[in-house]
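Colleague: Need coordinates for the below:
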Amino acid sequence: MKLGELKSLGHNIAGSLASGIGLMIGVYDMNVFAEASSSSEGFVTVDFLNASSTGASVSAKLGRAIVLYKDALPALCAKHGLDLGEIKIVQVRYGVDPVYGPHFTVTVETADGRRSADQYLGVPGRRLRRGHSSRLRDSH
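Modeller: Here you go, the predicted model:
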């Protein structure tokens, strides 16, 4: 499995949930960033392989969307030419920073241990430049 393809899959699914529209799953009107920022935790981490979340408690609507994303994952893998069985982690941490605004970190790992974590700002998510990443990470 090519790690770059897995990173692309992770960004696609992360951006879809971040958009609040969820065209990939047919769910509309959800806001993971609002749910993250209104909580004492300040973030929501979504595990797309297990349809689970940690950090802030999520609404029933967002919880249902997370399950639908897990259900859509096999088709998304096929679209990217990936074998779902070769994927160990597809996790995204969503948060809102007072300086950078909405942001998310996509962490993916292959079954053979190759791992990547990339930070994105805004919606649909532009890659955070290297020099700024430590400031964003330290703000939590």
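
Colleague: Pull the contacting residues for Asn50.
Modeller: Residues near Asn50 by CB atoms under 8 Å, 6 or more residues apart in numbering: Lys70. C-beta coordinates here come from the backbone N, C-alpha and C atoms, glycine included.

Colleague: before we move on, what SS does it have?
Modeller: coil (DSSP: H, G, I helix; E, B strand; the rest coil).

Colleague: So what does it look like in phi/psi?
Modeller: phi -110, psi 0 (degrees, to the nearest 10).

Colleague: what separates it from Lys70, distance-wise?
Modeller: 7 Å (CB to CB, to the nearest Å).

Colleague: shared neighbours, the two?
Modeller: Joint contacts of Asn50 and Lys70 (CB under 8 Å, 6+ apart) do not exist.

Colleague: where does Cys77 land in three-state SS?
Modeller: helix.

Colleague: Neighbours of it, how many?
Modeller: Using other CB atoms under 10 Å, Cys77 is surrounded by 20 other residues.

Colleague: next one: the one 4 residues further on
Modeller: Around Gly81 sit 10 other residues, with neighbours defined as other CB under 10 Å.

Colleague: Same question for Asp47.
Modeller: 16.

Colleague: I'd say it and Gln91 touch.
Modeller: Yes - assessed by CB atoms under 8 Å, Asp47 is found in contact with Gln91 at 5.1 Å.

Colleague: how about the nearest residue to Ser57, chain neighbours excluded?
Modeller: Excluding the flanking residues, the one nearest Ser57 by CB to CB, 6 or more residues apart in numbering is Ser39, at 6.9 Å.

Colleague: Give me the phi and psi angles of the one you found.
Modeller: phi -100, psi 160.

Colleague: what's near enough to touch it?
Modeller: Contacts of Ser39 by CB under 8 Å, 6+ apart are Gly55, Ala56, Ser57.

Colleague: Quick one, which of those are buried?
Modeller: Gly55, Ala56 (16 or more other CB atoms under 10 Å).

Colleague: out of the contacts of Ser39, which one sits closest to Leu84?
Modeller: Gly55 (24.9 Å; CB to CB).
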